[in-house]
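[1] I would like the atomic coordinates for the input below:
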Amino acid sequence: MTVTIYHNPACGTSRNTLAMIRNAGIEPIVVEYLNMPPDRQTLQSMIRAAGLSVREAIREKGTPYAELGLGDPALTDDQLLDAMLAHPILINRPFVITELGVRLCRPSEVVLDILPAPQQGAFTKEDGEAVIDTQGRRIR
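    Below you'll find the predicted structure:
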């Protein structure tokens, strides 16, 4: 059971997602994508498998999105991918890959839909929101 997370340790959503993976008893492959960005084929594959458009996979907040003019609707997917590869901070996070699928885990509890193992106990996000109860069940 291999789980891979494209992780940014400075991102609370990414940290919460990683913690929920570990709460299922899984030690994932952690790719700090700002240091080791995916290649073009991997990035395209993740975006497609997650059911997203390239534009939906771009992060705007805290990135050079506006300065690079990436909001221009005339830009092609290839141009957007070029920008994401040149500036990995533009890749929205965290992407998680499991045998059950690929998701952009925003919000972080989206990861629960593709984990191959159940949660093993209670989990509360960094902001104090309880997500999993003491029996390992999702709180809705």
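
[2] CA atoms for contacts and neighbours, from now on please.
    OK.

[3] In contact with the nearest residue to residue 34 once chain neighbours are set aside, which residues?
    Counting by CA to CA, 6 or more residues apart in numbering, residue 88 is the residue found nearest to residue 34 once chain neighbours are left out, at 5.6 Å. Shown here is residue 88, whose contacts under the criterion CA atoms under 8 Å, 6 or more residues apart in numbering are 33-34, 37.

[4] again with residue 77
    54-55.

[5] how near is the residue nearest the centre of the chain to residue 68?
    Taking CA atoms, centre = their mean, the centroid of the chain lies closest to residue 94, which sits 1.7 Å from it. Per CA to CA, to the nearest Å, residue 94 is found 22 Å from residue 68.

[6] residue ranges for the strands of this protein, please.
    Residue ranges of the strands in the chain, as given by DSSP state E, are 4-7, 29-32, 95-98, 101-104, 123-124, 130-132.

[7] Save the ones you listed as a markdown table, and put in distance to residue 21, mean neighbour count and mean pLDDT too.
    Listed next are these as a markdown table, based on distance: least, CA to CA, whole Å; neighbours: other CA atoms under 10 Å; pLDDT from 0 to 100:
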| stretch | distance to residue 21 | mean neighbour count | mean pLDDT |
| --- | --- | --- | --- |
| strand 4-7 | 9 | 23 | 98 |
| strand 29-32 | 11 | 15 | 98 |
| strand 95-98 | 10 | 23 | 98 |
| strand 101-104 | 13 | 22 | 98 |
| strand 123-124 | 11 | 18 | 97 |
| strand 130-132 | 12 | 17 | 96 |
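
[8] will you turn the ones you listed into CSV that also has distance to residue 54?
    As requested, the strands of the chain are exported to CSV (distance: least, CA to CA, whole Å):
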stretch, distance to residue 54
strand 4-7, 16
strand 29-32, 20
strand 95-98, 13
strand 101-104, 12
strand 123-124, 31
strand 130-132, 29
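
[9] Quick check: which of these is nearest to residue 45?
    strand 101-104 (9.5 Å; CA to CA).

[10] outside of the helix of greatest length in the chain, which residues touch it?
    Determined from DSSP state H, the single longest helix within the chain is helix 12-23. Contacts of helix 12-23 with the rest of the structure, by CA under 8 Å, 6+ apart, involve 5, 7-9, 27-28, 93-94, 105-109, 111-112, 115, 119-121, 123, 125-126.
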